[in-house]
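> fold the following and give me the result.
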Amino acid sequence: MKNNFLLSCESTVDLPFSYVSGRNIEVLFYTYSVDGVEYDDDMGRDPAALDRFYGFMKDGKFPATSQINIYKYTDYFESLLRLYSGDILHIAMGSGMSPSVNNAVDAAAALKEKYPDRTIKVIDSLCSCGGYGILVDLAADLRDEGKSFEDTVNWLEDNKSRIHHQFFSTDLKYFRRSGRVSGTTATVATILGICPIMHLNSTGHIIAYDKVRGKRKAIKTTVDTMLADVEEGTEYNGKCVLCHSNCIEEAEETVKLIKQTFPKLKDVMLSNIGTIIASHAGPGTVALFFVGKPRVGLN
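Numbers count the residues shown, from 1 in each chain. Okay, the predicted model is just below:
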């Protein structure tokens with residue numbers, strides 16, 4: 001731990017646990033349940049976890065998710081306070097995707113009374129999935145560069161809107177079920193073979209703002225949008241994460257086009273969409289995350 005503060009996040013960063021833990025970042029795990037049995041949002045610790053999860057879906061079972069309650073946050077934060085002597089910077093999944101962050105804030109406030117000399121700062125990332133992962137990874141970069149707790153907090157608040165979330169799905173059944181895409185949009189898309197193009201807006205909510213016919217067009221539109229949204233154009237060489245839900249071929253095709261479009265890009269981290277996000281997105285979603293111009297507006 002550097003700079004005497006601890007960095008913490010939630011499992012919905014959708015990066016491999018080995019990567020996150022290797023950067024000395026603590027993780028609080030979401031859970032999902034099927035038939036009354038609870039399972040961790042695994043982050044790749046168990047190689048069989050994702051196959052089991054998609055097996056449930058194939059069998060017509062819909063995984064149920066819920067927000068992290070104040071008691072779980074309290075126990076988690078207190079365990080960190082006991083293990084480490086410094087302050088805690090917890091970056092939470094965006095409020096546009098889950099109200100859990102409110103419980104994190106309340107838990108931190110309650111613990112302040114018990115530990116008056118310690119600080120737990122909770123940041124609403126306004127991000128999700130690999131975009132959330134990028135923000136946490138950038139925070140770790142700042143920490144490791146020697147930035148102070150306060151400077152890191154201020155930078156995150158000033159720059160979190162620069163993390164873009166651009167994605168499409170070939171199957172909107174689960175988006176429809178979760179209410180994140182309207183029933184009419186999902187039905188029309190299925191009938192016509194259309195892939196809605198989606199992003200997170202400035203408040204971290206999913207917006208379906210365009211539609212194209214076919215996967216190849218969806219991939220091209222997604223990468224073209226990245227080109228329009230980064231400040232450096234084809235010279236972009238910042239962080240880039242590509243997540244997918246059980247559609248590796250489409251994901252690899254997207255990565256190929258990204259590398260062709262941005263030849264100076266050092267790496268595209270390819271990762272699975274975790275079980276919590278995939279419970280709502282279902283299989284067939286490809287999501288691209290990068291650092292660009294500030295997200296503005298509600299659409």
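
> for S8, phi and psi?
Dihedral pair for S8: phi -140, psi 150, per degrees, to the nearest 10.

> that one pairs with what?
Taking DSSP bridges, one obtains E26, H90 as the residues bridged to S8.

> would you agree it is in contact with L89?
Yes - counting by Cβ atoms under 8 Å, S8 touches L89, with 6.8 Å between them. All C-beta spots, glycine's among them, are computed from the backbone N, C-alpha and C.

> what's the helix or strand hosting K256 in contact with?
According to DSSP states H and E, K256 maps onto helix 248-261. For helix 248-261, the surrounding residues in contact (Cβ atoms under 8 Å, 6 or more residues apart in numbering) are 170, 215-216, 219-220, 222-223, 226-227, 234, 240, 242-244, 265, 268, 270, 284, 286, 288.

> how many residues are close by E157?
11 (other Cβ atoms under 10 Å).

> name the nearest residue to S271, sequence neighbours excluded.
Closest residue to S271 apart from its sequence neighbours, by Cβ to Cβ, 6 or more residues apart in numbering: C243 at 5.1 Å.

> mind listing residues that contact the helix or strand hosting the one you found?
Assessed by DSSP H and E, C243 sits inside strand 240-244. Residues from elsewhere that reach strand 240-244 (Cβ under 8 Å, 6+ apart): 14-15, 129-131, 133-134, 250-251, 254-255, 258, 262, 265, 267-273, 285-290.

> same deal with stretch 50-66?
In contact with stretch 50-66 (Cβ under 8 Å, 6+ apart) are residues 30-35, 39, 42, 44, 177, 246, 272, 275-276, 278-280, 282-283.

> which stretches of the stretch 51-200 of the chain have low pLDDT?
Counting by pLDDT under 70, the ranges of the stretch 51-200 of the chain that qualify are 172-192.

> mind listing the strands for it?
Secondary structure of the stretch 51-200 of the chain (DSSP state E, counting those that start in this stretch): strands at 64-65, 87-92, 120-124, 163-169, 194-200.
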